[in-house]
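> Here is my input; please provide its structure:
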Amino acid sequence: MDLTWLSISGVLIGIMIFAFKVGLGCGLASLSRREVLSIAAGYLVISLFMGMAIELLPESALSAALNAGVAVHFAVALLLIVLGVMTARNWNCQHHDISRKTFWALSMPCPACLAASFISCSFLAGLVDTDPWKIGVMVGLIFFICIAAFSTALGRIKGTPSSLGSAMILLGLFYILSIFLIPAYLNSQKISFLSESPPLAEMGLSYLTILALLAMGFLGRRWGVCI
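Down below sits the predicted model:
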């Protein structure tokens, strides 16, 4: 199998996953079709600018953005969890729907989505011999079509605002886990199987992460959040 097409397929699947995240917020917040298409069109325009900026931005700027990615990723995760708790608690305890005020944490372009869009455009431009702006248009059209399709499908589920809050909390927890687990996995590949002493610092961090997640689950129950 041609590895180039395999790489392209992987990038396209990654774009669809980010589009599903956007569609999840739009669909569970019960936005109108015009609102969903406006958000999808925004991602189309952003992707176009990303494609045009590939040849303009220096590699040092991209490296600096990637180095700051972990901190931004963690901030986005905390925002998702906080707004998810607020959305679910307001609905479960007061039957008050604030999903249209909090869905943007899932659906609006966040730094992680922007970085993923730029990396996708850059990677595809390196694989496909075509103009970068055409790559941006292609990525944007994939975003547009997938966001519209996912939002329509999820909108038919008729979920409650608590469903949106739960999705935000779970996604935020996934972001936090990915921050800890992915580097830990990469570091584990560097550890010799003949090492006599285990990495105590990494083990302690893993246990603290598990305890923190358990504590968040307990507090969620106390605050009226059902996941």
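
> CA only for contacts and neighbour counts going forward, please
Fine.

> average pLDDT for stretch 5-24?
Stretch 5-24 carries an average pLDDT of 82.

> Could you list the low-confidence segments of the protein?
The model of the chain has pLDDT under 70 over residues 1-4, 55, 57-70, 111-113, 116, 180-227.

> In it, mark out all the helices, start to finish.
Counting by DSSP state H, the chain has helices at residues 3-28, 33-53, 59-67, 69-94, 99-102, 104-107, 111-127, 132-155, 161-188, 200-222.

> Return the set of buried residues in the fifth one.
It refers to helix 99-102. 99, 102 (16 or more other Cα atoms under 10 Å).

> Show me what it is packed against.
Under the contact criterion of 3 or more Cα pairs under 8 Å, 6 or more residues apart in numbering; DSSP states H and E, helix 99-102 touches helix 69-94, helix 161-188.

> May I see the ones you listed organised as JSON lines, with mean neighbour count added?
Output for the helices and strands packed on helix 99-102, formatted as JSON lines (neighbours: other Cα atoms under 10 Å):
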{"stretch": "helix 69-94", "mean neighbour count": "20"}
{"stretch": "helix 161-188", "mean neighbour count": "19"}
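
> Looking at these, which is nearest to residue 119?
With Cα to Cα as the criterion, residue 119 lies closest to helix 69-94 of the helices and strands packed on helix 99-102, at 12.3 Å.

> what angle do that closest one and helix 111-127 make?
With axes from the mean of the first three to the mean of the last three Cα atoms, to 10 degrees applied, the angle from helix 69-94 to helix 111-127 works out at 130 degrees.

> Start the count at 55 instead of 1 going forward.
OK, 55 is where the count begins now, so the last one is helix 123-148.

> For helix 123-148, name the packing helices and strands.
helix 153-156, helix 158-161, helix 165-181, helix 215-242.

> can I get those helices in a markdown table with distance to residue 65?
Formatted as a markdown table, those follow (distance: least, Cα to Cα, whole Å):
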| stretch | distance to residue 65 |
| --- | --- |
| helix 153-156 | 29 |
| helix 158-161 | 20 |
| helix 165-181 | 6 |
| helix 215-242 | 19 |
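
> Among these, which comes closest to residue 63?
Going by Cα to Cα, the one of the helices and strands packed on helix 123-148 nearest residue 63 is helix 165-181, 10.1 Å.
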